[in-house]
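Asks: Here is a sequence together with a model predicted from it:
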Amino acid sequence: GTLGLWLLAGARASAAPLISGADGDVWNAASPVPTYVITTDAPNRRISWSVAGVASGAGRSPLTVRLAGIGDGQYRLVASGQSSEAGDTERAFRVDLTPPRITVRQPTSGMQIGQNARLLADYSCQDAVACTGTLPPGAALDTSQTGPASFSVRALDDAGNEAVSLVDYFVRATVPSAEPVQVPAG
């Protein structure tokens, strides 16, 4: 009886720590600080942890590890329990805090275009899985109404980072005569 209890306690003490989250977690601009909770099968058991080239530490279960200021890249958090038989537990994760880039070639910010003139949307997104403008690239902007107008593009990357570009332009009335036209600035 006593030997069986001792063996059971010994088996419990050798369990590897658990790390919250899942392999493949992605931390992005909306959630920029990778945070994991490391636990053992018993409270207050000592845990050590490390992320190669970034940080390491130790504490007692449950232990919260916050990796503030970590740069974009692929990482592996390794946690070890106090007993050498316990083994290590690892959690692979990625940090991507960089939003996609948007280039809007047409319309340009502040441009003035004549009413009913043909102007085609021209834009692209880099490092994006989705790139959506007010109109698709190559489509004609509506220049039938005079006054201020705007055009926007939204890009999303595979980490969930978003970028938005908004371009304001002005549709001016066209005058059939050869007289100069005064267009208000702004």
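Replies: That came through, no problem.

Asks: what are the ranges of the helices in the chain?
Replies: Assigned by DSSP state H, the helices in the chain fall at 2-13.

Asks: If you rank every helix and strand of it by mean pLDDT, what lands last?
Replies: Taking mean pLDDT, DSSP states H and E as the measure, the helix or strand of the chain with the lowest value is helix 2-13, at a mean of 43.

Asks: Point out where the chain drops to low pLDDT.
Replies: Residue ranges of the chain with pLDDT under 70: 1-14, 83-86, 176-184, 186.

Asks: Number of residues surrounding residue 149?
Replies: By other CB atoms under 10 Å, the residues close to residue 149 number 19. (Each C-beta comes from the backbone N, C-alpha and C, glycine too.)

Asks: Distance check, it against residue 126.
Replies: Using CB to CB, to the nearest Å, residue 149 is found at 26 Å from residue 126.

Asks: Residue 171 too?
Replies: As judged by CB to CB, residue 171 and residue 126 stand 29 Å apart.

Asks: Residue 23 contacts residue 91, correct?
Replies: Yes. Assessed by CB atoms under 8 Å, residue 23 is found in contact with residue 91 at 6.3 Å.

Asks: quick one: which of these two has more around it?
Replies: residue 91 (23 against 10).

Asks: List the residues that contact the more buried one.
Replies: With contacts defined as CB atoms under 8 Å, 6 or more residues apart in numbering, the neighbours of residue 91 are 19, 21, 22, 23, 25, 36, 76, 77, 79.

Asks: quick one: it from residue 56, how far?
Replies: Using CB to CB, residue 91 is found at 14 Å from residue 56.

Asks: now do residue 138
Replies: For residue 138, the distance to residue 56 - CB to CB - is 53 Å.

Asks: what do you get for residue 101?
Replies: Between residue 101 and residue 56 the distance is 34 Å, computed by CB to CB.

Asks: before we move on, what about residue 100?
Replies: From residue 100 over to residue 56 (counting by CB to CB), the distance is 33 Å.

Asks: And the contacts of stretch 43-53?
Replies: 17, 38, 40, 56-63, 65, 67, 70, 75-82.

Asks: The same query, at a cut-off of 6 Å, please.
Replies: The contact list for stretch 43-53, computed with CB atoms under 6 Å, 6 or more residues apart in numbering, reads 17, 38, 56-58, 60-61, 63, 65, 75, 77-80, 82.

Asks: Restricted to strands, list the residues you listed.
Replies: Judged by DSSP state E, the contacts of stretch 43-53 include 38, 56, 57, 58, 60, 63, 65, 75, 77, 78, 79, 80 as members of strands.
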